[in-house]
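Q: okay, here's the prediction I keep looking at, along with the sequence it came from:
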Amino acid sequence: MVLIRIPKPWQVIDQPVTAEAAFWGRRKFMKSMIGLGAIAAAAPLTACQASTQGKRDPLAGVQDLNAVANANFREGDRPITGRQLAATYNNFYEFGGTKSIWQNAQALPTNPWTLNVGGLVKNPTTYGLEDLLNFPLEERVYRFRCVEAWAMVVPWIGFPMSRILDAVEPSSDAKYVRFTSYYDSEVTKGPGLRSSFLPWPYTEGLRIEEMANDLAFFAVGAYGQTLPKQHGAPIRMVVPWKYGFKGAKSVVGIEFVAEQPATFWNTINGNEYKFESNVEPDVPHPRWSQATERLVGPGSEFSWEQQPTLLYNGYADYVADLYA
Ligand SMILES: Nc1nc2c(c(=O)[nH]1)N[C@H]1C(S)=C(S)[C@@H](COP(=O)(O)O)O[C@H]1N2
Ligand SMILES: [Mo]
């Protein structure tokens, strides 16, 4: 049975505790929450947090970007999620175990930035922030589906991952790609998570054919501007036919490898978070159904709407061949 409820914004913080973040056992999690004062952090903004410059505005520091709308990637069925809502309802476990981590994430240093691309490639390359913003940028409106069964629609700005493939020329031994997120235990210390028992840094992986797929995208912006930090500035993966956790944020490393790489979630719980993790309505998560999803928003007000989950999140035409 699916329980349909309309949570109030302050109830939404229950989600990660019962879903993705419950991987290591609820008791241990609650203990670490209490130990690190996350119960307090889960309450409405404290005066202390709100008084710091820039921490009041979830869109602090973003800049305009020029991008061409890619007409092949518009969303016909669902409205674009409200920008403010998307920027204040996030998963970024480096900065905490609730959805309300946008203020903590403002501590992420994004300029300068270095993205190293190497491994089994002909031309290892290091990209700085300017290099990333100087790729020809396009806007793509993609569906977004978290494994926790909530969904959004986001107008990303960025470039296809294939541009990186073209630049570095992987060798024929390269079968997989490993993506690594920024990590510094002094900066990324979420109040709700005891970092030490998680396999940081956050890493993800794709088969090289998946990375070469038309849909696979690196976002450097959203909603017409550069990414706010909580969305994974300055560059994050967007693989819309897979669950949201496959889209690593704030990427600092891309490595081409011969064997399937370990990933953050697959290491934590390989039974619940598979390497492939395509959106598949008929394959339930061990603890909940994936047959339906709740569309967050769509406006700035917080509301939920139940919708059926689509195979490959509606992108079967693009990716079904990869899994035939
Ligand atoms: N580095 C890093 N990347 C991450 C995560 C994370 O905790 N750390 N969370 C993932 C999950 S579970 C989801 S649903 C999406 C959320 O993206 P958004 O907050 O921009 O909507 O980011 C993904 N990328
Ligand atoms: Mo997620």
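A: Thanks, I have it. Numbering: from 1, shown residues only. Ligands and ions are numbered 1, 2, ... in the order given.
Q: how about the residue nearest the centre of the chain, nearest residue that isn't a chain neighbour?
A: Nearest to the geometric centre of the chain sits residue 247, at 4.3 Å (CA atoms, centre = their mean). Leaving aside its sequence neighbours, residue 247 sits nearest to residue 237 (CB to CB, 6 or more residues apart in numbering; 4.4 Å). Any C-beta I mention is one placed from the backbone N, CA and C, and that applies to glycine too.
Q: go ahead and confirm the one you found touches residue 246.
A: Yes: with contacts counted by CB atoms under 8 Å, residue 237 reaches residue 246, the gap being 7.2 Å.
Q: skipping adjacent residues, who's closest to the residue of the stretch 51-200 of the chain found nearest ligand 2 in space?
A: Nearest residue of the stretch 51-200 of the chain to ligand 2, counting by CB to the ion: residue 146, 3.5 Å away. Closest residue to residue 146 apart from its sequence neighbours, by CB to CB, 6+ apart: residue 244 at 4.1 Å.
Q: would you mind measuring from that neighbour to ligand 1?
A: Between residue 244 and ligand 1 the computed distance is 3 Å (CB to the nearest ligand atom, to the nearest Å).
Q: now that residue: phi and psi?
A: Phi and psi for residue 244, reported as degrees, to the nearest 10, are phi -50, psi -30.
Q: show me what contacts it?
A: Residues near residue 244 by CB atoms under 8 Å, 6 or more residues apart in numbering: 91, 144, 145, 146, 147.
Q: wait, which of those is closest to residue 198?
A: Taking CB to CB as the measure, residue 198 sits nearest to residue 91 out of the contacts of residue 244, at 13.6 Å.
Q: the closest one touches residue 150, doesn't it?
A: No: counting by CB under 8 Å, residue 91 does not reach residue 150; the two are 10.0 Å apart.
Q: between these two, which one's more packed in?
A: Neighbour count, other CB atoms under 10 Å: between residue 91 and residue 150, residue 91 has more, with 24 against 21.
Q: need phi/psi at the more buried one.
A: Per degrees, to the nearest 10, the backbone of residue 91 is at phi -110, psi 120.
Q: can you report how many residues lie near the residue nearest to residue 247?
A: 23.
Q: for the residue of the stretch 1-150 of the chain found nearest ligand 1, which non-adjacent residue is spatially closest?
A: Nearest residue of the stretch 1-150 of the chain to ligand 1 (CB to the nearest ligand atom) works out as residue 90 at 3.2 Å. In this structure, residue 90 finds its nearest non-sequential neighbour in residue 230, 4.7 Å apart by CB to CB, 6+ apart.
Q: if we can go back for a sec, shared neighbours of residue 237 and residue 246, which are they?
A: residue 204.
Q: any chance you could map the helices in the stretch 101-250 of the chain?
A: All helices of the stretch 101-250 of the chain, identified by DSSP state H, counting those that start in this stretch, fall at 129-133, 162-168, 208-212.
Q: tally of neighbours for the residue nearest to residue 142 when sequence neighbours are not counted?
A: Nearest non-adjacent residue to residue 142, counting by CB to CB, 6+ apart: residue 240, 4.2 Å away. Neighbour count for residue 240, taken as other CB under 10 Å: 27.
Q: let's have the chain start at 12 instead
A: Noted, 12 is the first residue going forward, which turns the last one into residue 251.
Q: touching, residue 251 and residue 324? I think so.
A: Yes: with contact defined as CB under 8 Å, residue 251 counts as touching residue 324 (5.7 Å).
Q: which residues do these two both contact?
A: 154, 156.
Q: got a list of what residue 285 touches?
A: Listed by CB under 8 Å, 6+ apart, the contact partners of residue 285 are residue 277.
Q: and the protein, which of its residues are near ligand 2?
A: Residues of the chain that fall close to ligand 2, judged by CB under 5 Å from the ion: 102, 157, 255, 256.
Q: got the phi/psi numbers for the second one?
A: Backbone torsions for residue 157, taken as degrees, to the nearest 10, come to phi -80, psi 150.
Q: dump the residue contacts of it.
A: So residue 157 contacts 102, 254, 255, 256 (CB under 8 Å, 6+ apart).
Q: let's see that with 7 Å instead.
A: 102, 254, 255 (CB atoms under 7 Å, 6 or more residues apart in numbering).
Q: please report the distance of it from residue 291.
A: Counting by CB to CB, to the nearest Å, the separation of residue 157 from residue 291 is 14 Å.
Q: and for the last one?
A: Separation of residue 256 from residue 291 (CB to CB) stands at 15 Å.
Q: having no further points to raise, I will conclude here.
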